[in-house]
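Engineer: Model the following, please.
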Amino acid sequence: MTTSPFADQYTQAANRARITAAVARDRYAGPDTMAVLHRIAEHLEAAAGHLDAHEPGAFVDLPFEASEELWKADWLAEEHPATRFPVAFTNYVLEPLSGRPLPFPEPLNPVTDRFAVRETDLRNRLAQLHADGELMAEQPDEWLRTVLTVWRDWMRLADEVRVDNGRPCNRVDS
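Structural biologist: Model (predicted):
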């Protein structure tokens with residue numbers, strides 16, 4: 001049996017799916033959100049199983065079943081922002097196979113300085129993590145958990161900024 005040059009990439013993607021599933025299960029949330037987080041984790045685990053079972057060929061191809069499971073996980077997170085997973089978070093799972101750019105947040109444009117400082121800090125931390133290929137390769141569990149924690153904090157900040165920017169004293173009339 002010949003080993004495909006892509007076999008390691010499928011293993012990496014499956015590992016990332018399992019790490020993300022563990023993060024989903026470890027999150028603290030209310031009962032309704034916990035149920036969604038557990039469903040997300042189930043889809044990620046299923047995707048990992050399909051990635052592990054896939055026989056890599058001469059080029060990278062994503063098994064339909066894995067793709068469908070990842071899409072369902074993304075959809076649930078997008079429909080339930082309280083899960084604190086960003087839109088297209090499964091790009092972190094697929095990056096070893098696809099090379100697609102990793103998700104990066106749009107500017108929040110906070111009115112209040114303390115929120116602007118937190119935004120800058122989180123954007124910088126995420127950019128550093130995305131650029132840290134050594135940590136990504138040598139300690140993928142730690143790297144991905146840290147990335148998803150920064151995203152969780154970003155999404156909390158986005159909620160705070162939305163409320164703060166909406167206050168009458170903070171609105172700028174055009």
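Engineer: Would you mind measuring from the residue most central in space within the chain to residue 96?
Structural biologist: Nearest to the centroid of the C-alpha atoms of the chain, with distances taken as Cα atoms, centre = their mean, sits residue 89, at 3.1 Å. According to Cβ to Cβ, to the nearest Å, residue 89 stands 15 Å off from residue 96. All C-beta spots, glycine's among them, are computed from the backbone N, C-alpha and C.
Engineer: Residue ranges in this structure under the pLDDT threshold?
Structural biologist: Counting by pLDDT under 70, the chain has low-confidence residues at 1-7, 57-59, 172-174.
Engineer: 90 instead, please
Structural biologist: The chain contains residues with pLDDT under 90 at 1-8, 54-63, 98-101, 137, 166-174.
Engineer: mind listing the helices for it?
Structural biologist: Taking DSSP state H as the criterion, the chain carries its helices at 7-26, 31-53, 64-79, 91-98, 113-131, 133-138, 140-166.
Engineer: Show me the one of those helices that comes nearest residue 106.
Structural biologist: helix 140-166 (9.3 Å; Cβ to Cβ).
Engineer: For the closest one, buried residues please.
Structural biologist: 143-148, 150-155, 157-158, 160-161, 164-165 (16 or more other Cβ atoms under 10 Å).
Engineer: Then stretch 93-104?
Structural biologist: Applying 16+ other Cβ under 10 Å to stretch 93-104 flags 93-97, 102-103 as buried.
Engineer: Between its first and last residues, how far does that stretch reach?
Structural biologist: End-to-end distance for stretch 93-104, by Cα to Cα, to the nearest Å: 15 Å.
Engineer: next one: that stretch to chain centre, how far?
Structural biologist: 10 Å (Cα atoms, centre = their mean, to the nearest Å).
Engineer: list the contacts for the residue lying closest to residue 9 once chain neighbours are set aside?
Structural biologist: With sequence-adjacent residues excluded and distances taken as Cβ to Cβ, 6 or more residues apart in numbering, residue 9 is closest to residue 96, at 4.3 Å. Residues near residue 96 by Cβ atoms under 8 Å, 6 or more residues apart in numbering: 8-10, 12-13, 16.
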